[in-house]
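[1] this is a predicted model, with the sequence first.
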Amino acid sequence: MTFKWRSFKNYRLMTKLIFTYMLLTVLPMSLIGYVAYSQYTKSIEEQVGEYIPKVLDQANESIDYYLADVKQLPDLLYNSNQVIEVLRKDSYQNKSSLLQDRFIVNSYLTRTYINGEADVLGAFILSKNRLFESSKIPYSGFGEDMLPFGQDLELKGKQSFLLPSQVPLSFKGNPPYILLMRQITDTENRMNLGTMFIAVDLSFMSNVVENLETVNNADLSLLSEEGQMIYHTDSEKIGSMDEQFQKYPEINGSFRTTGEEENRLISISRAGPDGWVLLHSVKLKNLTERTDLVRNATIIVFLVIILLGTLISVILAWTVSRPIHRLTHQMKEVEKGNFEVDVTSNSSDEVGMLAKSFHSMVAKIKDLIRLNYQIKLQQKEAELYALQSQINPHFMYNTLETIGMAVEDGENDTVVDMVSILGRMLRFSISNKEKMVSIDQEVQHMKDYLTIQKIRFEDRIEFTISDPMDTKRFLTPKFILQPIVENCMKHGLDHSHHFKVKILIEIQDQEVHFTVKDNGPGINEDVMSELNKYLQMDPMGRRDSKFGLINVHGRITMMFGEQYGLRIESKGGIGTEVTIRIPLLPIDLLHEGERAN
Amino acid sequence: MARRTVTLVGLFILVFVSGCNTTTSNKGEFEVVYSKGNVKGETEKIEERQYTIAIVPKLVNIPYFNAVEEGALEAGEELGVKVIYKGPTVADSTQQIKVIEELIDQKVDVIAVSANDPDKLVPVLKRAQRKDIKVITWDSDTHSDSREFFINMVNPETLGRHLMDTLAWNVDETGEFAIITGSKSAANLNVWLNWIKVQQREYYPNMKLVEVVASDDDPHKAYMLAKDLLAKYPNLKGIIGNSSVGPPAAAQAVKEEGKMGEVAVVGLSSPNPMNEYLKVGAAQVVTLWSPKKLGYLTVALATNLVDGVHPSNQQDVPQVGRIHVIEDTVIMGEPMDFTKENVDQYDF
C-alpha cells in the first residue's frame, strides 16, 4: 500500500487529478445508482413475491372448487337405478344381454357425462370384467386389460386423480386431461360394483391461469405431490417431472433461484387439492423488464455523465497541468542556458501568475547576466588599461632613461631606489589576480609612481599624500588612483612648471573618499561638459573609454552602484579636484569572500 | 501512464456497475423472498388412538340387524375404528340397559343405540354421557336430551304414507287390513304407524284398519299373530308389516292358508327373507332401506363425532352419499321398494 501510495504520489498531476475526479464522481454515482436499482428491483420482487402466492391461493381455491364438482360426477351414476342394476348383475350372461347392458350403460354415460358436462372427455366403467365407455373424442389405450388399477381396486370409497403418464389412455389431439378414478360402491348392498374413470379436460386450467399467465410471460404449472406436471402453460411439458421440485423450500410463498443462468422468481402454493402444488415461475429478467428501461436509461445517462466528467476532468487537468508542463519545459530550457524562451501566459490564475513571475525572473536574470558580463568586460578593460598604463612604454622608457641618466651621474642611491620602486610597481601591476587591494597598497603604488615622476622631473613636481585613516583595514578596487593622477600630470605638467598634487584619503559618511587635487590649469568648459556627459551616461555604454577618468568611474559604478564614482570640480587656472567615492570595505570582507569561494 | 490509470479506473467502474449482475454462485440454492409459513410435514401427525364405537341394536340375530352389523363392521374396517356390535337377544329394554352398562364399563368412545324404549333407556344413556361417552341413536330414537343426534333411515312421514300406498296399490284401495307392528313402545314404529293411519284417512276412505298387533319383533310370535288375524278377519284384504319381522311372518301365514292373491302382504322387511315370498306371490312389495348402509353410516358419523364433527345437512358421507339433517335428526335417504322384479339385486 505504501508502495502504491508512493507510486501514486509520483504520478503526474494530470493523472492524479483525473483519478481523484473519477473517484469523487464515478464512485458515489455508481454507488447510488447501484443501490437504487437493486433496492427497486428487490422491492418489485418482494411485491410480486407477496402478491403472486395470494393469487395462486385463489387459483387453487377455484381449482379446488372445480375439482369438487368433478368429484361429484360419479355420484350421478346412482341416479339411474337401471345402470346400478346392470352393474349389480353378474357377468355370466349370454351375449345379447351383455350387449344390451352395455347399451344401457353406455347411453347413460353419454347422456349424463358426455352431453351433460362440458369438460368431460370420456367416462369409463370397469365392472366385473365389463367395460362401459363413452367418449367425446376418439381415444386409444383404454382397454379391459389396461389397468394395474383393477376393477376390484379397494379405494375404500376414496377417489384419486390419475395423470396421463400413469395410464396408457390418450385422446385424439392429445388434449391434457386428468383421470378421476372412483370406486363405485353399492351403498345398499355394501358391495363393490367396479371402478369408474372420468377423463376431465384440463382446459379449465387455462381459464384459471389465464390472468396469471399473461403477466410477464410467466410459466404456470400444476404439480402433483411427486412433482409431476399435471398442467403446464407449455403443453409439451405436461406429464414430465419437475426435477427440482423436491428441493424447493417447504413453504407457501415465493423464492428465487440463485444458481441458474437466468434466475427465476418462483411462487408456490401448496394448498391445492390432493396435495397438488401450483407453481408460478417467472424470469426475474421479465419481471424487471420495465425497470430495465429505467436501468438502461440510467446507465446511459451515467455513462454520458462519466464521459462528460472524464472529458471535463481531462480538460481541467490539461489546463492545469499543461501550462505547468510548458513552464517546466521552459525552465529546463533556461536551466540549459537558453534565456530566449517565450513564457507569455494569457491566464491570470495561479499558473499564469507563476508564468509571469518566471518570465520577469528570467528577464531579470537575463539583465543581470548582461550587467555582470559588462562589468566583467569593463573591469577587464580597466585592468587592461591600467596594465597598459602601468607598463606604458613611454613611462618605461622615461623611467629607464632617468635611471640611465642617474647611472651616468653616478647617483647610485637614486638608481637603486628607482629600480626597486619600478620593480615593486611592476609586481603590483602583474599581481592582478585580485581586483581589490587594501587602500594602503593602492596608496603605496601611487606613492611609488609619484616618486619616480618626482625623480624624473625633480622640482617641477610636488606631491603630498595624507591618509588620516587606517588604510590597511579597508579595501579599494585596484588602479583607481593611477588613471586620475596620470591625467593630472599629463595636463598639469604641460601648463605649469611647478606642479603640485595633493592626495587625501579619508572616511566620510561610511564612504572612502579619495581626493586628488592639483594646481593645474583646470579643465575648460567644453571638455568638462563632455566629461560630465560621459559620467552621467549609462556606464554600460562606455566600454571603450577614451579617458582614464571615465574608465575608473565606470568600474566603480559597476561595482558599487550609481551613488559612487567620480566627482570632478575644476576652476580655470586654479586647478582641478577629483574625488573618488567608494563604500567602506573592511578587509574582512575580502577574506570572507575568499572563504566563500 | 495516464492512459493506463484511466483504463484501470474504467475497469473498476465497470466491475462496480456490473455488480448488480453478479450473484452468489450457490448452485441449486433458493432464496426465499416471501413466505406465508412452512408447510408441515405429514409425518408430524400424531398417531391417533383407535376409537371404539359400540353399536347396540334392538336385538341380535334377526336378518335386519345382522345386515346392520355387516355394514357397521365394514365401516369399522374402512375407517380404522374398533366396532363392538352388541345387543340383547330379545327386543327388551331391560336387557338392552344391561348391554349398555357393560359397554360403559368397557369405556367405549361412542354408544349408538337403537332404542327399544325411549323412556327407560334415558337414565343409562345419561350415565354414559356423564362418563364422557358420546351417545347417539339410530333406527329408533330416545329422548333428545339423552343423545347427541338420531340417525333416522328415512323420513317417517314419507315412509308411513308410502307403506299405506303400497298396500292400496295391491288391494284396489278397498277392504279391511291389519298391521303387525314390532314393540308397542318402539318410538319409530309408532310414528310410522301414525302416518299410515293419516294416509289412510286422507286418501283411502274405502279401506278400513281392523287391528294393530305387536309382535315384539319375535318372528314366531309374529307368525302366530298373522295366522290369528287371517282366521279372525275372513274379509281381510291386506297386512302391513310395520317392523321387519312382520312381512315374512304374514307372507308365510298367507302362503300356508292358501290365501295368496287374496290377501296382500306389504311392509318393512329386508329383501333376502322376502325373496321367495315375493317370487311366489305370497307378498307383493316390501319396503326398506339398506340396513348395511345404516350400520355403515352410524359408524361413520360416530367416528366423526369423536373427532368433533357433527353431521351437517347435505353432507356427503363417503361410501354412503348425501345425508339430510333436520335439527338433530339425520335422515339417511329414501325408502326402497323390493318387488319380485328387483329383489335379486339386493343382498341383505
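    Thanks, I have the structure now. No experiment lies behind these values; they were computed from the predicted model shown.
[2] can you tell me the element the spatially closest residue to residue A:128 that is not a sequence neighbour falls in?
    In space, and not counting its chain neighbours, residue A:128 is closest to residue A:91: 4.4 Å by Cβ to Cβ, 6 or more residues apart in numbering or on different chains. Where you see a C-beta, it was placed from the backbone N, CA and C, and this is true even at glycine. Taking DSSP states H and E as the definition, residue A:91 sits outside all helices and strands.
[3] domains in chain B, as residue ranges please.
    Domain assignment for chain B by automatic domain parsing gives B:8-154+B:290-333, B:156-288.
[4] pLDDT of the shortest one, averaged?
    Averaging pLDDT along domain B:156-288 yields 91.
[5] now check it, is it near chain A?
    No. Domain B:156-288 lies out of reach of chain A by Cβ under 8 Å from any Cβ of the partner chain, never closer than 9.3 Å.
[6] that domain: end-to-end distance?
    Distance between the boundary residues of domain B:156-288 (Cα to Cα, to the nearest Å) amounts to 12 Å.
[7] same thing with stretch B:130-137?
    Using Cα to Cα, the end-to-end distance of stretch B:130-137 comes out at 17 Å.
[8] then stretch B:110-124?
    End-to-end for stretch B:110-124, by Cα to Cα: 14 Å.
[9] that stretch: which residues count as buried?
    Buried positions in stretch B:110-124, judged by neighbour count with 16 or more other Cβ atoms under 10 Å in any protein chain shown: B:110-118, B:120-122, B:124.
[10] and that stretch, how far out from the chain middle?
    The chain centroid and the centroid of stretch B:110-124 are separated by 16 Å under Cα atoms, centre = their mean, to the nearest Å.
[11] so for it, mean pLDDT?
    For stretch B:110-124, mean pLDDT is 90.
[12] same question for stretch A:87-105.
    Rounded mean pLDDT across stretch A:87-105 is 85.
[13] tell me which residue in the stretch 101-250 of chain B sits closest to chain A.
    Going by Cβ to the nearest Cβ, chain A is nearest to residue B:153 of the stretch 101-250 of chain B, at 11.6 Å.
[14] distance check, that residue against residue B:313.
    17 Å (Cβ to Cβ, to the nearest Å).
[15] check which helices and strands the host helix or strand of residue A:325 sits against.
    Per DSSP H and E: residue A:325 is located in helix A:289-336. When contacts are defined as 3 or more Cβ pairs under 8 Å, 6 or more residues apart in numbering or on different chains; DSSP states H and E, helix A:289-336 packs onto helix A:13-72, helix A:350-390, helix B:2-17.
[16] could those be laid out in CSV, adding mean pLDDT and mean neighbour count?
    Output for the helices and strands packed on helix A:289-336, formatted as CSV (pLDDT from 0 to 100; neighbours: other Cβ atoms under 10 Å in any protein chain shown):
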stretch, mean pLDDT, mean neighbour count
helix A:13-72, 83, 17
helix A:350-390, 76, 15
helix B:2-17, 51, 14
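[17] in a markdown table, list the ones you listed along with distance to residue A:443.
    Converted to a markdown table, the helices and strands packed on helix A:289-336 look like this (distance: least, Cβ to Cβ, whole Å):
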| stretch | distance to residue A:443 |
| --- | --- |
| helix A:13-72 | 62 |
| helix A:350-390 | 15 |
| helix B:2-17 | 70 |
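[18] quick one: which of these is nearest residue B:102?
    helix A:13-72 (41.5 Å; Cβ to Cβ).
[19] chain center to the closest one: distance?
    34 Å.
[20] tell me the buried residues in the next helix or strand after that helix?
    Using DSSP H and E, the helix or strand that follows helix A:13-72 in sequence is helix A:81-88. By neighbour count on 16+ other Cβ under 10 Å, the buried set for helix A:81-88 is A:83-84, A:86-88.
[21] helix A:81-88 near chain B at all?
    Yes. Against chain B, helix A:81-88 shows contacts by Cβ under 8 Å from any Cβ at A:84-85, A:88.
[22] which stretches in the stretch 201-348 of chain B count as helices?
    Ranges of helices within the stretch 201-348 of chain B are B:219-232, B:246-256, B:271-280, B:291-306, based on DSSP state H, counting those that start in this stretch.
[23] how about the stretch 51-200 of chain B?
    Along the stretch 51-200 of chain B, counting by DSSP H, counting those that start in this stretch, helices occupy B:63-79, B:93-105, B:122-130, B:156-171, B:187-203.
[24] state the helix or strand in which residue A:226 lies.
    Counting by DSSP H and E, residue A:226 is part of no helix or strand.
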